[in-house]
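Asks: test case, fold it:
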Amino acid sequence: MADPLVVHADIVLFLTGWYRTFLDGRDEAVCRDVLVTDHEPLPGEEWPEKMVVIRDDGGYDTSLLTAECTVGMNILAGTKEDPVDADDLARIVHAARSQIPAVDPGNPVTAVLGSTRPVAVREAQPRARRYLSLTLGVAGSLL
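Replies: Below you'll find the model as predicted:
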């Protein structure tokens, strides 16, 4: 008997939608009007006031049905001189990780296996940037 053909969900697509819904449901002012996306604006494009940028950093299959997936998250808000919004938004985004695993239809995340706390990133652009990563356990589905 042949092994089943199993595919894993697009974790970035899932997480961008999940974080949009999560942040839209929060009462904190810093959670309002946040662009959650998979890419930063190109040179010459307008930058929003607040962004969460999610990228898939790969991972390992742990069985025919399960995998580990690491995602990197850049949180951009405020300014380098006044990074309070970046700090607050990054802390909320990081805290939300405990709510991601669920048995909801369409949710591939089974566990948060690890995470890094938000850290400041120095760079030339004017927004304050905070970076964190999550390692997630994910379940596949039959092709």
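
Asks: so for stretch 29-43, mean pLDDT?
Replies: The average pLDDT within stretch 29-43 is 96.

Asks: what sits up against it?
Replies: Judged by C-beta atoms under 8 Å, 6 or more residues apart in numbering, the contacts made with stretch 29-43 from elsewhere in the structure are 12-13, 16, 19-20, 23-24, 47-55, 74, 76-77, 85, 88-89, 92. (C-beta placed from N, C-alpha, C; glycine too.)

Asks: can you pull the buried residues of that stretch?
Replies: Neighbour-count burial for stretch 29-43, counted by 16 or more other C-beta atoms under 10 Å, picks out 30-31, 34-37, 40.

Asks: those in strands, which ones?
Replies: Residues from those lying in strands, with DSSP state E as the criterion: 35-37.

Asks: out of the residues you listed, who's nearest Asp104?
Replies: Here the nearest of these to Asp104, counting by C-beta to C-beta, is Val36; it sits at 18.1 Å.

Asks: enumerate every residue touching Gly58.
Replies: For Gly58, the contact set (C-beta under 8 Å, 6+ apart) comprises 69-70.

Asks: and it, what pLDDT?
Replies: Reading off the confidence values, Gly58 has pLDDT 95.

Asks: okay, it and Val109: tell me how far apart.
Replies: Counting by C-beta to C-beta, to the nearest Å, the gap between Gly58 and Val109 amounts to 16 Å.
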